[in-house]
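> sharing a model prediction with you, sequence too.
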Amino acid sequence: MKRLAELRGAWARARERRWVRWGVDAVLFVVLFSAVMAWQTRHLPGAGTPAPDFALSTLSGETVRLDDLRGRPVVLTFWAPWCGVCKVESSNLSAMRGQVGESAHVVSVAVAWRNVEDVQRFAREQGVDYPVLLGDAALMEAYGVEQFPTTFFLSPEGRIERAVVGYTTRLGLLWRLWL
């Protein structure tokens, strides 16, 4: 009993130290953040899963296939023209594309759009400098996309390595790409 009382007293003194409180807060934040991330991505294909194949048109009418992107890592973002978070994140994708250059593909798929003009307007207004593909509900279902933006990080062989839902910073995009 005496030992238990000593341990309780030591813990009470440690909790009074600011750095211990901050450390505990940081651990709780990481645990909570990880739980939210796991919850958001629960319906998405898991790591190591082959990415669902596609052949989609670009805004200029060219066709891009998933096979065309093999050989380099791929950042594949699903977004909608009406999505405010997608507008904010588009500059991060552009910046990332500039940083990775030819070492990775940065590609976006517009889904949940009414007409091509909406997608073109979004790309023009946001200064999009990465390929924009025109997707549909079937592709959203194949990838399990329910929220925007949803970003997949694919291996050079076309396998899903990780996915994230919601806004991601430039550093977060780069970190996930090269993780």
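That came through fine. Residues are numbered from 1 along each chain as shown.
> next, the contact list for V119, please.
The contact partners of V119, by Cβ atoms under 8 Å, 6 or more residues apart in numbering, come to L59, P81, A110, W113, V132, L134. From N, CA and C alone the C-beta is placed, and that goes for glycine too.
> ok, and the most crowded of the residues you listed?
A110 (26 neighbours; other Cβ atoms under 10 Å).
> which non-adjacent residue is nearest that one?
Spatially, and ignoring its direct neighbours in sequence, A110 is nearest to V119 (4.5 Å; Cβ to Cβ, 6 or more residues apart in numbering).
> tell me the buried residues in the helix or strand containing V88?
Assessed by DSSP states H and E, V88 sits inside helix 84-100. If you call a residue buried by 16 or more other Cβ atoms under 10 Å, then helix 84-100 has these buried ones: C86, E89, S90, N92, L93, S94, A95, M96, R97, V100.
> next structured bit after the helix or strand harbouring the residue nearest to A110?
Here V119 sits within helix 116-126, counting by DSSP H and E. The first helix or strand that comes after helix 116-126 along the chain, using DSSP H and E, is strand 132-134.
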